[in-house]
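Engineer: below: sequence and its predicted model.
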Amino acid sequence: MTGTARLDPANRAAALRRMRAEPVDVVVIGGGVTGAGVALDAATRGLSVALLEARDLAAGTSSRSSKLIHGGLRYLEQLNGALVREALRERSLLLETLAPHLVRAVPFLLPLTHHGWERAYIGSGVLLYDTLGQGLGRIAPRTGGDAGAPRSGGVPLHRHLTRKAALREFPSLRPDALVGAIQYWDGQVDDARHTMFVARTAARYGALVATSAQVTGLVREGERVAGVRVRDLENGVDLEVRAATTINATGVWTDDVQAMVGGRARLSVRASKGVHIVVPRDRVHGSTGLILRTEKSVLFVIPWRSHWIIGTTDTDWNLDLAHPSATSADITYLLDTVNRVLRTPLTTDDIIGVYAGLRPLLAGESDETAQLSREHAVVSPVPGLTMVAGGKYTTYRVMAADAVDAAVAGLNHTVAPSCTERIPLLGADGYPALWNARERLARTVGLHVARVEHLLHRYGTLVEEVLELIAARTELGQPLPGAPSYLAAEAVYAASHEGALHLEDVLTRRTRISIETADRGLEAAPFVAELIAPVLGWNTETTTREIELYRARVAAELESQRQPDDETADAARLDAPEPRPIVRRDLREGHGAAAPA
């Protein structure tokens, strides 16, 4: 069964009508990367699927990660080789087959501070990391300065550097901060765009996808879960979606969904807050990322287009799950930690973006979230309901396959095994050839080749759809005021093809304007709102309201980042009104439920 990969208001409405009229095999709660992955996995097995998300695709954890596709080098030190190998296999698949347009190799420098033993100790770990990655996939095409380098699982192999060589790679390092270094490679992704592409690919294979569709309860037939109750947050209409099996993939909201079935808790998920700051690339001079060991974990300095992402923290969070807030203490910790090794210290004036996300960790006996499991679990607390939680962004596809395996075991017919390791995401087919033709493409469309490269990295071969918008309306080929890295056509495409329903969706997830511009996107907001208003059917009043909502969000986030602790930061962030009227009620069975996704 095939469907349209175009996520626009008309197709959203059609999907909700079909969900209401026709029972599906699988209904998926949660539009993060795991939920989108579940929808794709089930759809490519020939099952009928409905995917429901209360806010926007990747609105939670899946847009607020460190943006890395990696095995987790530090997990080797915890002797979790199986998790690392699994993740490295997924890294290889994403780099080479599933999403080469969205995932790319990025180098990291690991400074050494002791002579002798440290190089041997850490070097052996990095060697094992590369060894585990070997043979996990085809040898990837080699480009750029590492074209002749040996590779492992789609990325170059590590190398040992003297202090002098390391400082050439990262001139901003203080010479007394290291005695040498090891450089290794991992993968990087725009997490929100990748999640959206997974959902669009699921739609292409027939999945019905609806955002702003909040699950408010479960439909029961005796003890069995037979579907979900849903509130369409765009118009307030309630409906039921009947399904042979329901899969919950709501991450940090897992416990809330368990409460809908009378509190039969089979999983316990603990939220860990991770904060990142974003600074312009010219504030730190280096051609490679940086990984620093801390007392409890590690800190990354990650190249991100014309910026650096610095993170992350790892602290317990027990407040609002939708809007985790960075505090002044979090920001100070990140600055203090990175400044220990920089020649020229960073200050708060250098920061142009801040974001905080929550990791859904499987709770254990440890009091420290850094020690909790990054592995995942799948359980079925009652017939007809399967729950998947935990895991890492990198292993979303494995989590999804395991969840569908468990869910279909209760169906009365045979279901094909997972095939998603052989299903490239939209935009991946033909991508290497189009990338090689980028200079010719640039001449054809009249854009600078650097602009075409930017578009190819964001859309892959779907770039042709964006260019069609520009061909029809040449003014869409102009950069956005206040956010010149993006073209006007990208904002229009976000609403016409990528499922954006609100201004916030475009500025924070379809683009990264909210963390890549010093004013957090305030200058761009009115222009973007005017561009997407005709696509979304907004009148002048609605357009003005969307702009004001976004301004309130920015003001609340900035205020929260000035607060000293989680409680005051959370209160400040919650002052901003929501673009979607999320239902917040008692989670006990028989009452309305606060939708987790």
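Structural biologist: That came through fine.
Engineer: which pLDDT value goes with the spatially most distant residue from the centre of the chain?
Structural biologist: Each residue of the chain has a distance to the centre, and by Cα atoms, centre = their mean the biggest one is for residue 116: 38.9 Å. For residue 116, the model assigns a pLDDT of 86.
Engineer: what's downstream of the worst-scoring helix or strand of the chain on mean pLDDT, the next helix or strand?
Structural biologist: Least confident element among the helices and strands of the chain, by mean pLDDT, DSSP states H and E: strand 151-152 (a mean of 50). Counting by DSSP states H and E, the element after strand 151-152 in chain order, helix or strand, is strand 155-156.
Engineer: right, and the helix or strand after the longest helix anywhere in the chain?
Structural biologist: The helix that spans the most residues within the chain, counting by DSSP state H, is helix 540-560. Next helix or strand after helix 540-560 toward the C-terminus (DSSP H and E): helix 566-573.
Engineer: in that following helix, what counts as buried?
Structural biologist: For helix 566-573, the neighbour count (16 or more other Cβ atoms under 10 Å) marks 566, 568-573 as buried. For the C-beta atoms, the positions are set from N, CA and C on the backbone; glycine is no exception.
Engineer: tell me who's in contact with residue 40.
Structural biologist: Residues near residue 40 by Cβ atoms under 8 Å, 6 or more residues apart in numbering: 198-199, 201-202, 205, 207, 400, 420, 423.
Engineer: give me that answer again for 6 Å
Structural biologist: 198, 201-202, 420 (Cβ atoms under 6 Å, 6 or more residues apart in numbering).
Engineer: tell me the average confidence for the helix or strand it falls within?
Structural biologist: Assigned by DSSP H and E, residue 40 falls within helix 33-43. Across helix 33-43, the average pLDDT comes to 98.
Engineer: and it, how far from the chain's centre?
Structural biologist: 14 Å (Cα atoms, centre = their mean, to the nearest Å).
Engineer: next SSE after that helix?
Structural biologist: Downstream of helix 33-43, the first helix or strand assigned by DSSP H and E is strand 49-52.
Engineer: who are the packing partners of that following strand?
Structural biologist: strand 24-29, helix 33-43, strand 208-210 (3 or more Cβ pairs under 6 Å, 6 or more residues apart in numbering; DSSP states H and E).
Engineer: pLDDT wise, what is the closest residue in space to residue 312 that isn't next to it in sequence at?
Structural biologist: In space, and not counting its chain neighbours, residue 312 is closest to residue 274: 3.9 Å by Cβ to Cβ, 6 or more residues apart in numbering. On pLDDT, residue 274 comes in at 97.
Engineer: likewise the one 3 residues further on?
Structural biologist: You'll see residue 277 listed with a pLDDT of 98.
Engineer: kindly report the same for residue 255.
Structural biologist: Residue 255 is assigned a pLDDT of 86 by the prediction.
Engineer: repeat for residue 22
Structural biologist: With respect to pLDDT, residue 22 has a value of 96.
Engineer: what ranges do the strands span in the stretch 351-500 of the chain?
Structural biologist: Ranges of strands in the stretch 351-500 of the chain, per DSSP state E, counting those that start in this stretch, are 353-362, 376-382, 385-390, 479-480, 483-487.
Engineer: name the surrounding residues that touch stretch 184-194.
Structural biologist: Residues outside stretch 184-194 that contact it (Cβ under 6 Å, 6+ apart) are 58, 62-63, 65, 67-70, 91, 95, 102-108, 126, 155-156, 158, 509.
Engineer: which of the residues you listed are buried?
Structural biologist: Buried members of the contacts of stretch 184-194, counted by 16+ other Cβ under 10 Å: 58, 62-63, 65, 67-70, 91, 95, 102-108, 126, 155-156, 158, 509.
Engineer: so which of the residues you listed are in helices?
Structural biologist: In this view, these that belong to helices under DSSP H are 91, 126.
Engineer: among the buried ones among the contacts of stretch 184-194, which lie within strands?
Structural biologist: Within those, residues falling in strands by DSSP state E are 68-69, 103-108, 155-156.
Engineer: and of those residues, the nearest to residue 180?
Structural biologist: Taking Cβ to Cβ as the measure, residue 180 lies nearest residue 108 of those, at 14.8 Å.
Engineer: find the residue closest to that closest one in space, skipping its chain neighbours.
Structural biologist: Spatially, and ignoring its direct neighbours in sequence, residue 108 is nearest to residue 289 (4.1 Å; Cβ to Cβ, 6+ apart).
Engineer: the stretch 201-350 of the chain: helices as residue ranges?
Structural biologist: Ranges of helices within the stretch 201-350 of the chain are 254-260, 328-339, based on DSSP state H, counting those that start in this stretch.
Engineer: deepest-packed of those helices, please.
Structural biologist: Counting by mean count of other Cβ atoms under 10 Å, helix 254-260 has the highest mean neighbour count of the helices of the stretch 201-350 of the chain, with a mean of 24.
Engineer: using PDB, write out every CA atom in it.
Structural biologist: Extracted C-alpha coordinates of helix 254-260, given in PDB (Å, rounded to 0.1, in the frame of the first residue of the first chain):
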ATOM      1  CA  THR A 254       5.700   6.600  29.100                       C
ATOM      2  CA  ASP A 255       4.500   6.500  32.700                       C
ATOM      3  CA  ASP A 256       1.500   8.700  31.800                       C
ATOM      4  CA  VAL A 257       0.300   6.300  29.200                       C
ATOM      5  CA  GLN A 258       0.800   3.400  31.600                       C
ATOM      6  CA  ALA A 259      -1.600   5.300  34.000                       C
ATOM      7  CA  MET A 260      -4.300   5.100  31.300                       C
END
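Engineer: leaving out the residues flanking it, which one is nearest to residue 342?
Structural biologist: Closest residue to residue 342 apart from its sequence neighbours, by Cβ to Cβ, 6+ apart: residue 172 at 5.5 Å.
Engineer: residue contacts, that neighbour?
Structural biologist: Contacts for residue 172 (Cβ under 6 Å, 6+ apart) come out as 284-286, 342-343.
Engineer: just put these in a markdown table and tack on neighbour count, distance to residue 335 and pLDDT.
Structural biologist: Shown next, in a markdown table, are those (neighbours: other Cβ atoms under 10 Å; distance: Cβ to Cβ, whole Å; pLDDT from 0 to 100):
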| residue | neighbour count | distance to residue 335 | pLDDT |
| --- | --- | --- | --- |
| 284 | 23 | 12 | 98 |
| 285 | 13 | 17 | 98 |
| 286 | 20 | 17 | 97 |
| 342 | 20 | 10 | 98 |
| 343 | 14 | 15 | 98 |
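Engineer: ok, of those residues, which one's closest to residue 538?
Structural biologist: Set against residue 538, the nearest of the contacts of residue 172 by Cβ to Cβ is residue 284 (40.3 Å).
Engineer: so the closest one touches residue 308, yeah?
Structural biologist: Yes. Counting by Cβ atoms under 6 Å, residue 284 touches residue 308, with 5.5 Å between them.
Engineer: all strands of the stretch 151-300 of the chain, in order?
Structural biologist: For the stretch 151-300 of the chain, the strands defined by DSSP E, counting those that start in this stretch cover 151-152, 155-156, 159-162, 180-189, 208-210, 213-221, 224-232, 238-248, 269-280, 289-293, 298-304.
Engineer: direction included, what does the fourth one pair against?
Structural biologist: What that stands for is strand 180-189. Using DSSP bridges, the strands paired with strand 180-189 are strand 68-69 (antiparallel), strand 103-112 (antiparallel), strand 159-162 (antiparallel).
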